[in-house]
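> Turn this into a structure:
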Amino acid sequence: MPTRYMRLEAVSPEELRKIRGLPPTKEHKATFPKRAAAGAADARSALKRWQETQPVPTPPRNPEEAIQAVRLTRAQAAKLRAVADSDAAPAEILNQKLNPKNLFGTLYSALTTYEYMQLQAEYKRRTATGRAAAETERQWQQIVSAAQAAYAAAGLKVRPADLDQFVKQLTASAANLNAVVRIAGSAAAADRGTALTPNTKVSASFVAVAEKVIDLSTITFPIPGLCDKPIKEGSFTKHFSKSVSLSVKIKYWCPTWTNPFRTCTKTVTLAGVSFTVGVNVGYKITCCGATAWGQGYAQACATIVGISVCASCSATIVGVAGVSRTPVASGCIYGLGINAVLQCKFAGATILYLSWPFGWTVTGPCPPAGACA
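So this is what the prediction gives:
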């Protein structure tokens, strides 16, 4: 199945000034090396070395959301499955009329029900053997009490009959159950577990993906009068697209048969997320150096029960470097490195925070002797 990117509407440069939280647009200057590159391979190596020196950005910390558990129904589980099966999860979250609060609440109830279901199966197995029946029953009542405490920690009071009903609702659809099994199976533990007590608080947050993308593609175009006066000016559009996993850090019930009063903080993979955004890169360039700047922003919003929930991406040029000057038969090829920071958010939480250094080459005449002294 082809990847579906978030359908974000680009915001015009005139409207960018109204967007809160965006870094200011700055001009970044660079000069081309005085030493000429030996050839195309030398120029490519210079660009690669520059790209490797660019840092991985540190993303802002996403806020922790206190979990309010939901009474799990087949319809509620189907909403979670629709999100989990999507490769444009923020769009599907909006389609399902969810926001982070009820998404996290549904996820918590689904995972807690799945844990309960597994211990319920163990209870039936032990009961069927007929061994140590009294001890098995005592342990099972402890597990039931622990499950109720797990829901109470998330603000939901339940009876033992409710727990059985939640299992029935989850298993009513094989597709829904498989989605929850897949999410639970993706869990990576952040701790060894803590005691579940009446004072236990549970919360969740989206996990930001922070990395550096080495972009091997290069934007190339000719400027015949590059060494003429005045300075050549123009712009081009650079598109950024990225697909990653949408993950949630969540504290929830993680019982064992002999230790049911336990919670764990884990990171689970919820779904795929694919974003795309373009930035209009403005430039001034001569055969001695260049100045570049740019910023792009795109968003999609929906109103859910009076709450505006938005997905957005911004791309900002944060650095420029002259990396090569390569003489060829027709003149010179000038190599520039441009670094952008790509930040994508959903409902105020950062999902992606990427450093994206890419190459821009310009063909034109070589500088006259002494022009760039």
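> residue ranges of the strands in the stretch 151-300 of the chain, please?
Taking DSSP state E, counting those that start in this stretch, the strands of the stretch 151-300 of the chain run over residues 188-189, 194-195, 203-207, 209-212, 218-222, 232-253, 262-285, 289-304.
> I meant to write the stretch 1-150 of the chain there.
With DSSP E, counting those that start in this stretch, the ranges of strands along the stretch 1-150 of the chain come out as 9-10, 28-31, 65-66.
> Take the strands of the stretch 151-300 of the chain and write them to TSV, including mean pLDDT, distance to residue 367 and mean neighbour count.
The C-beta positions use only the backbone N, C-alpha and C, and glycine is treated the same way. Supplementary listing: those in TSV, determined by pLDDT from 0 to 100; distance: least, CB to CB, whole Å; neighbours: other CB atoms under 10 Å:
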stretch	mean pLDDT	distance to residue 367	mean neighbour count
strand 188-189	87	54	10
strand 194-195	96	66	12
strand 203-207	97	49	21
strand 209-212	94	32	16
strand 218-222	91	16	13
strand 232-253	93	13	18
strand 262-285	93	12	21
strand 289-304	90	10	19
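> residues touching residue 4, list them.
Under the criterion of CB atoms under 8 Å, 6 or more residues apart in numbering, the neighbours of residue 4 are 86, 87, 88, 91, 274.
> Among these, which one sits closest to residue 303?
The closest of the contacts of residue 4 to residue 303 turns out to be residue 91 (CB to CB; 15.0 Å).
> pLDDT-wise, which helix or strand of the chain ranks last?
With mean pLDDT, DSSP states H and E as the measure, the helix or strand of the chain carrying the lowest mean pLDDT is helix 13-16 (a mean of 79).
> List of residues touching it?
Around helix 13-16, the neighbours that count as contacts under CB under 8 Å, 6+ apart are 22, 25, 280, 295, 297.
> Including distance to residue 136, could those residues go into a markdown table?
Conversion of the contacts of helix 13-16 to a markdown table gives the following (distance: CB to CB, whole Å):
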| residue | distance to residue 136 |
| --- | --- |
| 22 | 60 |
| 25 | 67 |
| 280 | 68 |
| 295 | 64 |
| 297 | 60 |
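> Quick one: the helices in the stretch 101-250 of the chain, in order.
If DSSP state H, counting those that start in this stretch is used as the criterion, the helices of the stretch 101-250 of the chain fall at 133-153, 160-171, 174-185.
> Show me the protein divided up by domain.
9-61+207-245+272-364, 65-206 (automatic domain parsing).
> quick revisit: of the contacts of residue 4, just the buried ones, PyMOL syntax please.
Per 16 or more other CB atoms under 10 Å, the buried members of those correspond to this PyMOL selection:
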select buried, resi 86+87+88+91+274
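> Output the contacts of residue 4 in JSON lines; the columns should cover distance to residue 350.
Written out in JSON lines, the entries for those read as follows (distance: CB to CB, whole Å):
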{"residue": "86", "distance to residue 350": "20"}
{"residue": "87", "distance to residue 350": "19"}
{"residue": "88", "distance to residue 350": "17"}
{"residue": "91", "distance to residue 350": "17"}
{"residue": "274", "distance to residue 350": "16"}
